[in-house]
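Asker: Starting from these lines, generate the structure:
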Amino acid sequence: MAIGPSDILLAGRVAVVTGGGTGIGLGIAAGLAAFGARVAIWERDPESCSAAADSVGGLGIVTDVRDSGQVSAALDRTVDELGTVTILVNNAGGTFSSPLLETSENGWDALYKANLRHVLLCTQQVAKQMVAAGAGGSVITVTSIEGVRAAPGYAAYAAAKAGVINYTQTAAFELAPHGIRVNALAPDVIVTEGLLALSPAGLPAGIGDAIPMGRPGTVDEMAGAAVFLASDLASYITGQTLHVDGGTHAAGGWYRHPGTGAATLGPG
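Answerer: Next up is the predicted model:
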């Protein structure tokens, strides 16, 4: 049976996007809504939660996804108001510098909770609801290129993101009999409000030099990948980590020298 344009549509489906108040999460929420999904944004900041929900015509629920009780309450409300969830995007996350020899137990725990623990909580609770409803579905988690390479100064963050990748593979295997697909998106540099706030004078010169495509990505490009994985066009894809990174991971350290354009490995 041939595929068609309708296979990308998400009409009638209910999607949850965690950390969807700004940045990549908001971009993904907008993309899912544009293709017909009814979207619930779970975001811990009340102002950005409300504004984001209004912007995508969705439901905003103030939620700290690190707390299992709040996740449970948010899921109940989402199901009551929108219906059975069949798309989950685990986008919430965050980081701070944590050099290996200086990382405290509290710092490690904070980065684990912010980047991995909530993935387990949300995936488990939403997947149980999918199984009970016999609906199947798609789970998508935003990890990072730092989960597959060294990240000096960010050891705990990178370890959590690597954990997301393995959890994606294992969850995909366990949930496949229920028609639930589990995949991940691994970005490199993506232009977001947060990145721009750090660079009020504009993006740093040379920010795209180490990226084969020569530029950072956009939230819309992340959204496009998420819509694909959520849709029927990806019906036979599970357990995968899709690198939305302009070719950085594939390059393995090679880049085009900014002065000569020559393929270069390591210091230029």
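
Asker: Return the distance of the helix or strand hosting residue 170 from the chain's centre.
Answerer: Assessed by DSSP states H and E, residue 170 sits inside helix 155-175. Chain-centre distance of helix 155-175: 12 Å, with Cα atoms, centre = their mean, to the nearest Å.

Asker: for stretch 102-117, same thing?
Answerer: Mean-position distance between stretch 102-117 and its chain equals 19 Å (Cα atoms, centre = their mean).

Asker: Repeat that for stretch 49-58.
Answerer: 18 Å.

Asker: Which residues outside it are in contact with it?
Answerer: Outside of stretch 49-58, the residues within contact range by Cβ atoms under 8 Å, 6 or more residues apart in numbering are 20-22, 25-26, 29-30, 33, 38-43, 59-62. Just so you know, the C-beta spots here come from the backbone N, C-alpha and C atoms, and that holds for glycine as well.

Asker: rerun at 7 Å
Answerer: 20-21, 26, 29-30, 33, 38-41, 43, 59-60, 62 (Cβ atoms under 7 Å, 6 or more residues apart in numbering).

Asker: likewise stretch 79-94?
Answerer: Under the contact criterion Cβ under 7 Å, 6+ apart, stretch 79-94 has outside partners 13-20, 24-25, 28, 32, 37-38, 40, 59, 65, 78, 114-115, 118-119, 122-123, 126, 129-130, 133, 135-142, 226, 230.

Asker: Just the ones of those residues in helices?
Answerer: Taking DSSP state H, the ones among the contacts of stretch 79-94 that sit in helices are 24-25, 28, 32, 78, 118-119, 122-123, 126, 129-130, 133, 226, 230.

Asker: now those: which count as buried?
Answerer: Among these, those buried by neighbour count (16 or more other Cβ atoms under 10 Å) are 24-25, 28, 32, 78, 118-119, 122-123, 126, 129-130, 226, 230.

Asker: Identify, from the residues you listed, the entry nearest to residue 265.
Answerer: Nearest to residue 265 among those: residue 24, at 29.6 Å, using Cβ to Cβ.

Asker: one step back: most neighbours among the contacts of stretch 49-58, which one is it?
Answerer: Most neighbours among the contacts of stretch 49-58, by other Cβ atoms under 10 Å: residue 41, with 34 neighbours.
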